[in-house]
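Visitor: kindly generate the corresponding structure for this input.
(chains A, B, C and D)
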There are 2 protein chains.
Amino acid sequence: MRQLPHPATEDIRLTEVLRALADPVRLEIAVRLAAQTEQNCSSVLEELGVHKSTASHHYRTLREAGVLLTRQDGRQKYMRLRREDLDARFPGLLDTILRAAQTDVTIAPDAVPAPHDGA
Amino acid sequence: MRQLPHPATEDIRLTEVLRALADPVRLEIAVRLAAQTEQNCSSVLEELGVHKSTASHHYRTLREAGVLLTRQDGRQKYMRLRREDLDARFPGLLDTILRAAQTDVTIAPDAVPAPHDGA
DNA sequence: CGCATAGTTTGATAATTGTCAAACCATGCG
DNA sequence: CGCATGGTTTGACAATTATCAAACTATGCG
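Guide: Down below sits the predicted model:
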(Lines give C-alpha, C1' and ligand atoms only; values in the text may rest on other atoms or scores of the structure.)
Protein backbone atom coordinates (compact mmCIF):
# COMPACT_ATOMS: atom_id res chain seq x y z
CA MET A 1 0.00 0.00 0.00
CA ARG A 2 1.75 3.09 -1.13
CA GLN A 3 -0.34 5.27 1.11
CA LEU A 4 1.49 8.51 1.55
CA PRO A 5 1.35 10.11 4.97
CA HIS A 6 -1.68 12.21 5.79
CA PRO A 7 -2.24 13.99 9.09
CA ALA A 8 -5.00 12.76 11.35
CA THR A 9 -8.05 14.95 11.37
CA GLU A 10 -7.33 16.36 14.80
CA ASP A 11 -3.79 17.20 13.73
CA ILE A 12 -4.86 19.44 10.90
CA ARG A 13 -3.68 22.96 11.62
CA LEU A 14 -5.50 26.00 10.40
CA THR A 15 -2.42 27.93 9.37
CA GLU A 16 -1.22 24.95 7.35
CA VAL A 17 -4.52 24.70 5.52
CA LEU A 18 -4.54 28.41 4.80
CA ARG A 19 -0.96 28.36 3.63
CA ALA A 20 -1.63 25.38 1.41
CA LEU A 21 -4.58 27.09 -0.23
CA ALA A 22 -2.86 30.46 -0.45
CA ASP A 23 -0.97 29.40 -3.55
CA PRO A 24 -2.80 29.99 -6.84
CA VAL A 25 -1.86 26.63 -8.31
CA ARG A 26 -2.91 24.72 -5.22
CA LEU A 27 -6.10 26.67 -4.85
CA GLU A 28 -6.89 25.83 -8.43
CA ILE A 29 -6.21 22.16 -7.74
CA ALA A 30 -8.62 22.29 -4.83
CA VAL A 31 -11.26 23.99 -6.95
CA ARG A 32 -10.95 21.34 -9.61
CA LEU A 33 -11.09 18.55 -7.09
CA ALA A 34 -14.19 20.08 -5.61
CA ALA A 35 -15.84 19.99 -9.01
CA GLN A 36 -14.75 16.52 -9.97
CA THR A 37 -14.65 14.52 -6.77
CA GLU A 38 -11.52 12.66 -7.69
CA GLN A 39 -8.76 13.37 -10.09
CA ASN A 40 -5.74 11.75 -11.60
CA CYS A 41 -2.41 13.42 -10.90
CA SER A 42 -1.33 13.90 -14.47
CA SER A 43 -4.65 15.33 -15.57
CA VAL A 44 -4.13 18.16 -13.14
CA LEU A 45 -0.60 18.85 -14.13
CA GLU A 46 -1.48 18.90 -17.79
CA GLU A 47 -4.34 21.30 -17.28
CA LEU A 48 -2.30 23.65 -15.16
CA GLY A 49 0.79 23.49 -17.29
CA VAL A 50 3.25 22.88 -14.52
CA HIS A 51 6.02 20.36 -14.47
CA LYS A 52 5.41 16.88 -13.12
CA SER A 53 7.62 17.38 -10.10
CA THR A 54 6.12 20.77 -9.38
CA ALA A 55 2.68 19.24 -9.39
CA SER A 56 3.88 16.49 -7.10
CA HIS A 57 5.26 19.10 -4.74
CA HIS A 58 1.90 20.86 -4.61
CA TYR A 59 0.09 17.59 -4.01
CA ARG A 60 2.37 16.89 -1.17
CA THR A 61 1.84 20.30 0.34
CA LEU A 62 -1.92 19.90 0.15
CA ARG A 63 -1.71 16.38 1.43
CA GLU A 64 0.48 17.24 4.39
CA ALA A 65 -1.77 20.14 5.26
CA GLY A 66 -4.68 17.70 5.39
CA VAL A 67 -6.52 19.18 2.43
CA LEU A 68 -6.47 16.18 0.16
CA LEU A 69 -6.02 12.48 0.21
CA THR A 70 -4.12 10.33 -2.23
CA ARG A 71 -5.32 6.90 -3.21
CA GLN A 72 -3.40 4.52 -5.37
CA ASP A 73 -5.13 2.50 -8.02
CA GLY A 74 -2.90 0.42 -10.18
CA ARG A 75 -0.19 2.57 -11.59
CA GLN A 76 -2.05 5.79 -11.04
CA LYS A 77 -2.86 7.93 -8.06
CA TYR A 78 -6.09 9.68 -7.50
CA MET A 79 -6.65 12.65 -5.28
CA ARG A 80 -9.70 13.74 -3.47
CA LEU A 81 -10.54 16.51 -1.02
CA ARG A 82 -10.80 15.58 2.62
CA ARG A 83 -14.17 17.24 2.82
CA GLU A 84 -15.56 15.45 5.83
CA ASP A 85 -12.38 15.64 7.85
CA LEU A 86 -11.88 19.30 7.12
CA ASP A 87 -15.47 20.03 7.91
CA ALA A 88 -15.19 18.19 11.18
CA ARG A 89 -12.04 20.07 12.08
CA PHE A 90 -12.96 23.52 10.78
CA PRO A 91 -16.66 23.68 9.98
CA GLY A 92 -17.49 25.53 6.81
CA LEU A 93 -13.92 26.50 6.08
CA LEU A 94 -13.35 24.53 2.92
CA ASP A 95 -16.70 25.41 1.40
CA THR A 96 -16.30 29.08 2.16
CA ILE A 97 -12.86 29.21 0.61
CA LEU A 98 -13.97 27.27 -2.44
CA ARG A 99 -16.93 29.54 -2.88
CA ALA A 100 -14.68 32.56 -2.54
CA ALA A 101 -12.32 31.07 -5.09
CA GLN A 102 -15.09 31.01 -7.64
CA THR A 103 -15.59 34.74 -7.32
CA ASP A 104 -11.93 35.47 -7.74
CA VAL A 105 -9.47 34.72 -10.48
CA THR A 106 -6.82 32.50 -9.05
CA ILE A 107 -4.74 31.80 -12.11
CA ALA A 108 -4.47 33.82 -15.27
CA PRO A 109 -6.78 31.98 -17.72
CA ASP A 110 -4.20 32.08 -20.49
CA ALA A 111 -1.69 30.41 -18.23
CA VAL A 112 -3.81 27.32 -17.75
CA PRO A 113 -4.91 25.74 -21.05
CA ALA A 114 -1.93 24.19 -22.78
CA PRO A 115 1.30 22.93 -21.25
CA HIS A 116 3.07 25.57 -23.25
CA ASP A 117 6.36 26.92 -22.08
CA GLY A 118 6.36 30.53 -21.00
CA ALA A 119 8.36 31.67 -18.00
CA MET B 1 -3.86 62.37 5.13
CA ARG B 2 -1.76 59.81 6.89
CA GLN B 3 -3.82 57.03 5.45
CA LEU B 4 -1.58 54.19 4.43
CA PRO B 5 -2.52 52.47 1.19
CA HIS B 6 -5.29 49.91 1.36
CA PRO B 7 -6.63 47.97 -1.61
CA ALA B 8 -10.13 48.73 -2.80
CA THR B 9 -12.68 46.11 -1.87
CA GLU B 10 -12.94 44.75 -5.39
CA ASP B 11 -9.17 44.46 -5.57
CA ILE B 12 -8.89 42.16 -2.60
CA ARG B 13 -7.52 38.83 -3.78
CA LEU B 14 -8.36 35.58 -2.10
CA THR B 15 -4.88 34.13 -2.21
CA GLU B 16 -3.52 37.31 -0.62
CA VAL B 17 -6.01 37.13 2.20
CA LEU B 18 -5.25 33.48 2.79
CA ARG B 19 -1.54 34.08 2.69
CA ALA B 20 -1.84 36.98 5.08
CA LEU B 21 -3.79 34.90 7.57
CA ALA B 22 -1.64 31.82 7.11
CA ASP B 23 1.00 33.24 9.42
CA PRO B 24 0.50 32.45 13.11
CA VAL B 25 1.37 35.94 14.28
CA ARG B 26 -0.92 37.61 11.79
CA LEU B 27 -3.75 35.20 12.44
CA GLU B 28 -3.41 35.99 16.09
CA ILE B 29 -3.53 39.70 15.34
CA ALA B 30 -6.73 39.16 13.39
CA VAL B 31 -8.24 37.13 16.21
CA ARG B 32 -7.44 39.86 18.70
CA LEU B 33 -8.82 42.54 16.47
CA ALA B 34 -11.98 40.53 16.06
CA ALA B 35 -12.39 40.43 19.80
CA GLN B 36 -11.57 44.03 20.47
CA THR B 37 -12.82 45.95 17.46
CA GLU B 38 -9.90 48.30 17.35
CA GLN B 39 -6.42 48.05 18.65
CA ASN B 40 -3.34 50.12 19.14
CA CYS B 41 -0.22 48.95 17.35
CA SER B 42 2.04 48.73 20.34
CA SER B 43 -0.47 46.83 22.41
CA VAL B 44 -0.39 44.07 19.85
CA LEU B 45 3.35 43.95 19.61
CA GLU B 46 3.75 43.84 23.34
CA GLU B 47 1.28 41.03 23.74
CA LEU B 48 2.82 38.98 20.99
CA GLY B 49 6.37 39.63 21.98
CA VAL B 50 7.69 40.53 18.58
CA HIS B 51 9.86 43.44 17.67
CA LYS B 52 8.31 46.77 16.72
CA SER B 53 9.44 46.55 13.12
CA THR B 54 8.31 42.96 12.82
CA ALA B 55 4.88 43.95 14.02
CA SER B 56 4.83 46.80 11.56
CA HIS B 57 5.70 44.37 8.80
CA HIS B 58 2.80 42.13 9.72
CA TYR B 59 0.41 45.06 9.87
CA ARG B 60 1.49 46.05 6.46
CA THR B 61 1.00 42.57 5.10
CA LEU B 62 -2.50 42.41 6.54
CA ARG B 63 -3.27 45.90 5.38
CA GLU B 64 -2.09 45.30 1.82
CA ALA B 65 -4.04 42.07 1.68
CA GLY B 66 -7.14 44.03 2.58
CA VAL B 67 -7.65 42.39 5.94
CA LEU B 68 -7.29 45.40 8.15
CA LEU B 69 -7.41 49.13 8.07
CA THR B 70 -5.16 51.60 9.81
CA ARG B 71 -6.44 54.82 11.24
CA GLN B 72 -4.30 57.48 12.75
CA ASP B 73 -5.31 59.29 15.90
CA GLY B 74 -2.82 61.68 17.31
CA ARG B 75 0.48 59.98 17.68
CA GLN B 76 -0.97 56.52 17.61
CA LYS B 77 -2.39 54.27 14.97
CA TYR B 78 -5.34 52.04 15.46
CA MET B 79 -6.16 49.00 13.43
CA ARG B 80 -9.46 47.42 12.72
CA LEU B 81 -10.64 44.51 10.60
CA ARG B 82 -12.25 45.32 7.27
CA ARG B 83 -15.20 43.17 8.16
CA GLU B 84 -17.75 44.67 5.83
CA ASP B 85 -15.44 44.89 2.87
CA LEU B 86 -14.19 41.35 3.29
CA ASP B 87 -17.69 40.10 3.73
CA ALA B 88 -18.80 41.87 0.60
CA ARG B 89 -15.89 40.46 -1.35
CA PHE B 90 -15.81 36.94 0.09
CA PRO B 91 -18.97 36.26 2.08
CA GLY B 92 -18.41 34.38 5.29
CA LEU B 93 -14.69 33.96 4.76
CA LEU B 94 -13.41 36.07 7.62
CA ASP B 95 -15.89 34.75 10.13
CA THR B 96 -15.24 31.17 9.18
CA ILE B 97 -11.50 31.58 9.50
CA LEU B 98 -11.79 33.41 12.80
CA ARG B 99 -14.10 30.75 14.13
CA ALA B 100 -11.66 28.08 12.99
CA ALA B 101 -8.83 29.97 14.64
CA GLN B 102 -10.56 29.68 17.98
CA THR B 103 -10.60 25.91 17.74
CA ASP B 104 -6.92 25.73 16.90
CA VAL B 105 -3.80 26.89 18.66
CA THR B 106 -2.08 29.36 16.44
CA ILE B 107 0.77 30.44 18.66
CA ALA B 108 2.44 28.57 21.47
CA PRO B 109 0.51 29.65 24.57
CA ASP B 110 3.65 30.27 26.59
CA ALA B 111 4.87 32.73 24.03
CA VAL B 112 1.80 34.87 24.34
CA PRO B 113 -0.39 35.84 27.21
CA ALA B 114 -3.97 34.85 26.49
CA PRO B 115 -6.30 37.62 25.33
CA HIS B 116 -8.57 37.28 28.34
CA ASP B 117 -8.08 34.77 31.09
CA GLY B 118 -4.76 34.50 32.79
CA ALA B 119 -1.84 32.84 31.09
C1' DC C 1 12.37 74.87 18.98
C1' DG C 2 13.84 70.60 21.06
C1' DC C 3 12.69 66.28 22.81
C1' DA C 4 10.02 62.12 23.65
C1' DT C 5 6.70 58.96 21.57
C1' DA C 6 4.59 55.85 17.97
C1' DG C 7 5.37 53.54 13.78
C1' DT C 8 7.55 52.93 9.37
C1' DT C 9 11.45 51.96 6.38
C1' DT C 10 15.79 50.10 5.25
C1' DG C 11 19.43 46.73 5.88
C1' DA C 12 20.96 42.32 6.78
C1' DT C 13 20.37 37.46 7.47
C1' DA C 14 18.46 32.93 7.80
C1' DA C 15 14.73 30.07 6.46
C1' DT C 16 11.14 28.78 3.36
C1' DT C 17 9.29 28.08 -1.04
C1' DG C 18 8.03 27.54 -6.13
C1' DT C 19 10.00 25.88 -10.12
C1' DC C 20 12.34 22.85 -13.48
C1' DA C 21 15.38 18.97 -14.53
C1' DA C 22 17.10 14.69 -13.80
C1' DA C 23 17.37 10.58 -11.20
C1' DC C 24 14.79 7.36 -8.80
C1' DC C 25 11.02 3.96 -7.47
C1' DA C 26 6.91 1.21 -7.84
C1' DT C 27 3.45 -0.97 -10.61
C1' DG C 28 1.57 -3.45 -14.47
C1' DC C 29 2.24 -5.70 -18.92
C1' DG C 30 4.37 -8.41 -22.62
C1' DC D 1 12.58 -10.60 -16.42
C1' DG D 2 12.73 -6.25 -18.82
C1' DC D 3 10.54 -2.22 -20.11
C1' DA D 4 7.18 1.56 -20.26
C1' DT D 5 4.25 4.39 -17.33
C1' DG D 6 2.90 7.32 -13.36
C1' DG D 7 4.63 9.82 -9.48
C1' DT D 8 8.04 10.92 -6.05
C1' DT D 9 12.53 12.56 -4.48
C1' DT D 10 16.66 15.10 -4.83
C1' DG D 11 19.32 18.90 -6.60
C1' DA D 12 19.76 23.45 -7.83
C1' DC D 13 18.35 28.19 -8.12
C1' DA D 14 15.71 32.39 -7.82
C1' DA D 15 12.33 34.74 -5.21
C1' DT D 16 9.90 35.59 -1.11
C1' DT D 17 9.64 36.16 3.74
C1' DA D 18 10.06 36.43 8.95
C1' DT D 19 12.93 38.53 12.03
C1' DC D 20 15.79 41.90 14.58
C1' DA D 21 18.40 46.19 14.67
C1' DA D 22 19.11 50.71 13.56
C1' DA D 23 17.90 54.81 11.15
C1' DC D 24 14.23 57.64 9.85
C1' DT D 25 9.57 60.22 10.01
C1' DA D 26 5.77 62.30 11.95
C1' DT D 27 3.16 63.94 15.79
C1' DG D 28 2.39 66.05 20.22
C1' DC D 29 4.14 68.33 24.37
C1' DG D 30 6.70 71.53 27.22
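Visitor: near chain B, which residues of chain A are found?
Guide: A:13-15, A:18-19, A:21-24, A:27, A:89-93, A:96-97, A:99-101, A:103-104, A:106 (C-beta under 8 Å from any C-beta of the partner chain). Backbone N, C-alpha and C define where each C-beta goes, glycine included.
Visitor: the helix-or-strand element of chain A with minimal mean pLDDT close to DNA strand C?
Guide: For chain A, counting by mean pLDDT, DSSP states H and E, helix A:41-48 ranks last in confidence among helices and strands (a mean of 79). No - counting by C-beta under 7 Å from any atom of the strand, DNA strand C has no neighbours in helix A:41-48; the shortest distance is 8.6 Å.
Visitor: returning to what we had before: write a PyMOL command that selects only the buried members of the residues of chain A next to chain B.
Guide: Buried members of the residues of chain A next to chain B, defined by 16 or more other C-beta atoms under 10 Å in any protein chain shown, are picked up in PyMOL with:
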select buried, chain A and resi 13+14+15+18+19+21+22+23+24+27+89+90+92+93+96+97+100+101+106
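Visitor: where in chain A is pLDDT low?
Guide: A:1-3, A:106-119 (pLDDT under 70).
Visitor: buried ones in stretch A:64-72?
Guide: Applying 16+ other C-beta under 10 Å to stretch A:64-72 flags A:Ala65, A:Gly66, A:Val67, A:Leu68, A:Leu69, A:Thr70 as buried.
Visitor: list the contacts for A:Leu45?
Guide: Contacts for A:Leu45 (C-beta atoms under 8 Å, 6 or more residues apart in numbering or on different chains) come out as A:His51, A:Lys52, A:Thr54, A:Ala55, A:Pro115.
Visitor: show me these that map onto strands.
Guide: Among these, no residue falls in strands (DSSP state E).
Visitor: did I read that right, A:Asp85 in a strand?
Guide: No - under DSSP: H, G, I helix; E, B strand; the rest coil, A:Asp85 falls outside any strand and is assigned helix.
Visitor: who touches A:Thr96 in this structure?
Guide: Counted by C-beta under 8 Å, 6+ apart, A:Thr96 has contacts B:Phe90, B:Pro91, B:Gly92, B:Leu93, B:Thr96, B:Ile97.
Visitor: which ones among those residues map onto helices?
Guide: Counted as lying in helices by DSSP state H, out of these, are B:Leu93, B:Thr96, B:Ile97.
Visitor: which one of these is nearest to DNA strand C?
Guide: B:Ile97 (18.4 Å; C-beta to the nearest atom of the strand).
Visitor: picking that back up, can I get the buried residues of stretch A:64-72 in CSV with secondary structure and distance to A:Ala34?
Guide: Shown next, in CSV, are these (DSSP: H, G, I helix; E, B strand; the rest coil; distance: C-beta to C-beta, whole Å):
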residue, secondary structure, distance to A:Ala34
A:Ala65, helix, 16
A:Gly66, coil, 15
A:Val67, coil, 11
A:Leu68, strand, 10
A:Leu69, strand, 13
A:Thr70, strand, 16
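Visitor: so how far is A:Arg19 from A:Arg26?
Guide: 9 Å (C-beta to C-beta, to the nearest Å).
Visitor: can you check A:Gly92 too?
Guide: When distance is defined by C-beta to C-beta, A:Gly92 is 19 Å away from A:Arg19.
Visitor: how about A:Asp73?
Guide: Distance from A:Asp73 to A:Arg19, by C-beta to C-beta: 29 Å.
Visitor: do A:Leu68 as well
Guide: Counting by C-beta to C-beta, the separation of A:Leu68 from A:Arg19 is 14 Å.
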